[in-house]
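**Q** A structural model of the following input is requested.
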Amino acid sequence: MAEKPKKPQKLRARLPRGLEDRGPAAIAATRRMVEKIREVYERYGFEPVETPAMEFTDALGKFLPDQDRPNEGVFSFQDDDEQWISLRYDLTAPLARYVAENFDALPKPYRSYRAGYVYRNEKPGPGRFRQFMQFDADTVGSASPAADAEMCMMAADTMEALGIPRGSYVVKVNNRKVLDGVRDALGIADDGQWLTVMRAIDKLDRLGISGVQQLLGDGRKDESGDFTKGAGLKSEDIALVVGAIEQGAQLDARLRDSKIGQEGRDELDAISKLVSASGYGLDQIVIDPSVVRGLEYYTGPVYEVELTLETKDEKGRPVRFGSVGGGGRYDGLVSRFRGEPVPATGFSIGVSRLQAALTMLGKLDTRPEFGPVVVTVFDRDRVADYQKMVAQLRNANIRAELYLGNPKNMGNQLKYADRRNSPCVIIQGSDEKARGEIQIKDLIEGAKAAAAIASNQEWRETRPAQFSCAEDEIVAKVRDVLARHDVKWN
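**A** The predicted structure follows:
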């Protein structure tokens, strides 16, 4: 007896870790957010530009020390010519390539903005995704501190445009030259040791001065018992670093002798004067010597936007969001392509992270957007009549669709409209057609009325929120329903 053929195995639908699917409500919320950010950026005179999601890997500059293959932090592949290509991990490196390639054709300074997804080949975790959206603005071709001050002011304006009140955010500003002055004073030649120092400083908000001191010294054991090796500095050098990053601390004599450190402090003074002259207060933009930001390509002022207000997660635990954006001066990125100095500064908002924060804080409307008006099919032989109604509504800039499923059951058509979050449906049977009428069922009002009706019998008798009108009144009457419930589509 012949064996029965095996059933083909079904493919299991699954999503890789660190990625997410997004529905209409989340997409609509992102769209509203991005539009507000765009309005601020354009008010500052920035113009849009788009670069591809993929670049030659050497243009992104992400390589392991052996230079043999791209860094594991980026998604990469080799093309037919055996050249490495990578998905962009930020929007700044692709901009540097674009400016260098089109340098002579672009006005200088070149002011542009761009939004898009970036990709990180890193271990995913809570709030840490492999794909997320950023929205950047950059000025290329100006070495003036005014360009950096503008980024800080624009960051503050963007937070307030998104509904984050003054006092609930802060733009923190530091200068990598000040930190380079610290390195000079310490006499650290080893890049690895200096990286450990920088990472220790970067943990000030989370661990406090005591934790930073431990990481600058021999190391620190956390609550779980895990030990992190420190930078191995002597006690007097630890005191110098702590004095450099604490607000209002006395400046160590060794730091005063650093030329590059003083240059950084002068630039910070200039930024402070510029933002103050423009009416921005210390509750918006502050100099914070503990801001490290960008361990790789920043060369001057760096800025970080932090949300300072706290909220609770779904389990009632306190949550503080911290940094939702930042940037800085990167005078070396474009220069890699040009072989000449090209100053540049930029600011980036982590749209995905900020959206999660605004949603949890109740600052973002995440209700599903209203769906289209649904024209039902009562008589399948009259689809052309129903399609004509849809066309009338669309021509009047009203979102509308014809029910394209099996029209046999009217109840299923109404359930479909409910699931689409439709504000109303259009019904026309043979009796209505004979009278030159249509029925409009207001689903929003109907849902309210249904909650107050005790029985199905009462529902059938009253048929709330359903009314008749002449066929040629379809647009006007639908507009009345939309206006009554303030239905607007973006």
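
**Q** Please give me every residue in contact with the closest residue to Ser335 other than its chain neighbours.
**A** The shortest distance from Ser335 to any non-neighbouring residue, by CB to CB, 6 or more residues apart in numbering, is to Val342 (5.1 Å). (C-beta placed from N, C-alpha, C; glycine too.) Neighbouring residues of Val342 by CB atoms under 8 Å, 6 or more residues apart in numbering: 99-100, 140-141, 331, 334-335.

**Q** Show me what the mean pLDDT comes to for the helix or strand hosting Gln392.
**A** Assigned by DSSP states H and E, Gln392 belongs to helix 383-395. Averaging pLDDT along helix 383-395 gives 96.

**Q** Could you do stretch 160-175 as well?
**A** Taken as a whole, stretch 160-175 has a mean pLDDT of 93.

**Q** Could you give me the buried positions within that stretch?
**A** 162, 164, 168-175 (16 or more other CB atoms under 10 Å).

**Q** Which members of these are the farthest-apart pair?
**A** Using CB to CB, these span at most 26.9 Å, a distance reached by Leu162 and Asn175.

**Q** ok so, going back, I'd like the contacts of Val342 written out as CSV, with neighbour count, distance to Arg479 and secondary structure added.
**A** Output for these, formatted as CSV (neighbours: other CB atoms under 10 Å; distance: CB to CB, whole Å; DSSP: H, G, I helix; E, B strand; the rest coil):
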residue, neighbour count, distance to Arg479, secondary structure
Val99, 23, 48, helix
Ala100, 18, 53, helix
Val140, 26, 48, strand
Gly141, 17, 51, coil
Asp331, 17, 56, coil
Val334, 23, 53, coil
Ser335, 17, 58, helix
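
**Q** still on that earlier bit, is it correct that the residue nearest to Ser335 falls within a helix?
**A** No: counting by DSSP: H, G, I helix; E, B strand; the rest coil, Val342 is not part of a helix but coil.

**Q** quick thing: my sequence starts at 21, can you match it?
**A** Fine by me, first position is 21 from now on; the one you just mentioned is Val362.

**Q** Distance-wise, check it relative to Met174.
**A** Distance, Val362 to Met174, using CB to CB, to the nearest Å: 21 Å.

**Q** what's the distance between Gly281 and Asp289?
**A** 13 Å.

**Q** who has more neighbours, these two?
**A** More neighbours surround Gly281 than the other of Gly281 and Asp289, with 24 against 12 (other CB atoms under 10 Å).

**Q** Buried ones in the host helix or strand of that one, by neighbour count?
**A** Under the criterion of DSSP H and E, Gly281 resides in helix 279-297. Within helix 279-297, the residues that qualify as buried are 280-281, 283-285, 287-288, 290-292, 294-295, counting by 16+ other CB under 10 Å.

**Q** tell me the contacts of the residue lying closest to Phe357 once chain neighbours are set aside?
**A** Leaving aside its chain neighbours, Phe357 sits nearest to Ala120 (3.3 Å; criterion: CB to CB, 6+ apart). By CB under 8 Å, 6+ apart, Ala120 lies in contact with 354, 356-358, 362.

**Q** and stretch 29-37, what's its mean pLDDT?
**A** For stretch 29-37, the mean pLDDT works out to 90.

**Q** Quick check, Glu170 in contact with Asp158.
**A** No: the pair Glu170 / Asp158 is not scored as a contact, 11.1 Å apart, by CB atoms under 8 Å.

**Q** Which parts of the stretch 321-470 of the chain are strands?
**A** 321-332, 338-349, 364-370, 393-395, 420-422, 444-447, 457-462 (DSSP state E, counting those that start in this stretch).

**Q** pLDDT weak spots in this protein?
**A** 21-23, 82-91, 147, 267-270, 314-316, 331-336, 339, 470-484, 510 (pLDDT under 70).

**Q** Pick out the residue nearest the middle of it.
**A** With distances taken as CA atoms, centre = their mean, the residue of the chain nearest its centroid is Val371 (0.8 Å).

**Q** Dig out what the residue nearest to it when sequence neighbours are not counted forms beta bridges with.
**A** With sequence-adjacent residues excluded and distances taken as CB to CB, 6+ apart, Val371 is closest to Met153, at 4.0 Å. Applying DSSP bridges to Met153 yields these beta-bridge partners: Tyr137.

**Q** Quick one: residues contacting Met153.
**A** 50, 135-138, 370-372.

**Q** What is the neighbour count of the nearest residue to Gln233 once chain neighbours are set aside?
**A** Leaving aside its chain neighbours, Gln233 sits nearest to Ile258 (5.6 Å; criterion: CB to CB, 6+ apart). Using other CB under 10 Å, Ile258 has 21 other residues around it.

**Q** Can you tell me the element Ile258 falls in?
**A** Secondary structure assignment for Ile258, by DSSP H and E: helix 255-265.
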